[in-house]
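A.B. asks: sequence and predicted structure are below.
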Amino acid sequence: MSIPSQLNVELFRDGNLESNHIVNFYNSKSNSNDYFFPRSSVKPFQIIPLLYTLSIQNEINLTDEEIALFASSHSGEKLHTDLLLITSEKYNLNLEYLICGAQRPFHDKTADSILNDNNDFLNIHNNCSGKHLSMLLFSKVLNVDFQNYYNLNHKSQASINEFFYEVFQTKDISYGIDGCGLPAIRLKTSDFIGSINFIKNSKYSEFWNRVFNAYVRFPEIIGGTNRPDSNLIKNSNSPLLAKSGAEGVMFVTNNNDSFLFKCLDGSKRGVDLASSHYLKSIGLVNNSPFESQVELYSRNRQNNKAVEIKITKKNSLEIRDFNSSLLNGIARDMYSL
């Protein structure tokens, strides 16, 4: 069993340590017994049962934009809400059935505009509304009732669960309740990150490729303006899928090497800084994603630099299994800003 590497993200104010985030890091060769909730980072997998079922029925061929929307955690910008409305109308889906709830958009300018116009936040602004809409469509395709689509024993959720057993190659899976009201899977990090090798050589490979390509083509739908996963995809040096999850999760794969980051205290700041810095260091992405995170977290409202950020490797990971000699060198280095 390999021990996860840990990246230590420290924030200093006036030279004094103010905050410290420890981020566990796993690669596609890790064999860890750590359990975690992937949260929204599971969405690239969660959409595949719908795609597979549609291929059998041969009635609907989703566009890449629709796939991206269904596997997104979007910012509630006009791009996203317009696509939700168009897609729901196209497939005759009633948005009133969405149980994700109204939410302030992640995109501040959009939220401010809604408030300035004395309008309310709606369920289509919820970052998980695309996933929920996909489950309405899945229910319709399966010819089952919409109203309980969020229950684990609903046919759509049961189909997704059976797929999870297969793709993660384990039944050592349990569920909590996600923030949006859907089942939240819990499993071993090694089973999650090791799934890419299985899926790309399975009967689901063409559907995984469709999801992967949708992420690469439409990163702004996946997240939105200046969202960390969208920025990683847009600034990658080769095609890359990146998906964040609540409570400090980031999953990244180029279909050869895969990476999973989990901030132990659940901090979005910690995982965004650690993942963007590490991926920059090994050459998967350029400097832009990390620099944007540094700007976000080091400057105050007057745009003055108020915080120093330092990232160090806390302890060793069995990285020798990677093919790249660059990675072997990086494993011994200190990460610092």
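C.D. replies: Noted; the coordinates are in hand.
A.B. asks: ok, N143 - contacts?
C.D. replies: N143 makes contact with no residue, according to Cβ atoms under 8 Å, 6 or more residues apart in numbering. (Each C-beta comes from the backbone N, C-alpha and C, glycine too.)
A.B. asks: could you check how far it is from H21?
C.D. replies: Distance, N143 to H21, by Cβ to Cβ, to the nearest Å: 47 Å.
A.B. asks: please apply the same query to D178.
C.D. replies: 23 Å.
A.B. asks: who's more crowded, the two?
C.D. replies: Shown here are D178 and H21; by other Cβ atoms under 10 Å, H21 has more neighbours (23 against 20).
A.B. asks: wait, the more buried one sits on S275?
C.D. replies: No: with contact defined as Cβ atoms under 8 Å, H21 does not reach S275; the gap is 11.5 Å.
A.B. asks: quick one: what helix or strand has I185 in it?
C.D. replies: strand 183-188 (DSSP states H and E).
A.B. asks: and the next helix or strand past that strand?
C.D. replies: helix 189-193.
A.B. asks: list the buried residues of the following helix or strand past that following helix.
C.D. replies: Where DSSP H and E defines the elements, the next helix or strand beyond helix 189-193 is helix 195-199. Going by neighbour count (16 or more other Cβ atoms under 10 Å), the buried part of helix 195-199 is 195-196, 198-199.
A.B. asks: equivalent analysis for stretch 298-309, please.
C.D. replies: Within stretch 298-309, the residues that count as buried by 16+ other Cβ under 10 Å are 298, 308-309.
A.B. asks: contact partners of it?
C.D. replies: Outside stretch 298-309, the residues that reach it (Cβ under 8 Å, 6+ apart) are 9-13, 15, 18, 273, 294, 297, 337.
A.B. asks: from these, pick the one nearest E59.
C.D. replies: Nearest to E59 among the contacts of stretch 298-309: L273, at 44.8 Å, using Cβ to Cβ.
A.B. asks: can you tell me the SS state at the closest one?
C.D. replies: helix (DSSP: H, G, I helix; E, B strand; the rest coil).
A.B. asks: per-residue pLDDT, the closest residue in space to W208 that isn't next to it in sequence?
C.D. replies: Nearest-residue entry for W208: I199, 4.8 Å, with adjacent residues in sequence omitted and distances by Cβ to Cβ, 6 or more residues apart in numbering. With respect to pLDDT, I199 scores 97.
A.B. asks: cool, and the one 3 residues further on?
C.D. replies: pLDDT, the model's per-residue confidence, is 97 for S202.
A.B. asks: that one and T81: what is the separation?
C.D. replies: Distance from S202 to T81, counting by Cβ to Cβ: 35 Å.
A.B. asks: who has more neighbours, the two?
C.D. replies: Shown here are S202 and T81; by other Cβ under 10 Å, T81 has more neighbours (17 against 14).
A.B. asks: which positions in stretch 219-239 come out as buried?
C.D. replies: Neighbour-count burial for stretch 219-239, counted by 16+ other Cβ under 10 Å, picks out 219-224, 227-236.
A.B. asks: scratch that, stretch 163-173 is what I was asking about
C.D. replies: Neighbour-count burial for stretch 163-173, with 16+ other Cβ under 10 Å as criterion, is recorded at 163-164, 166-168, 170.
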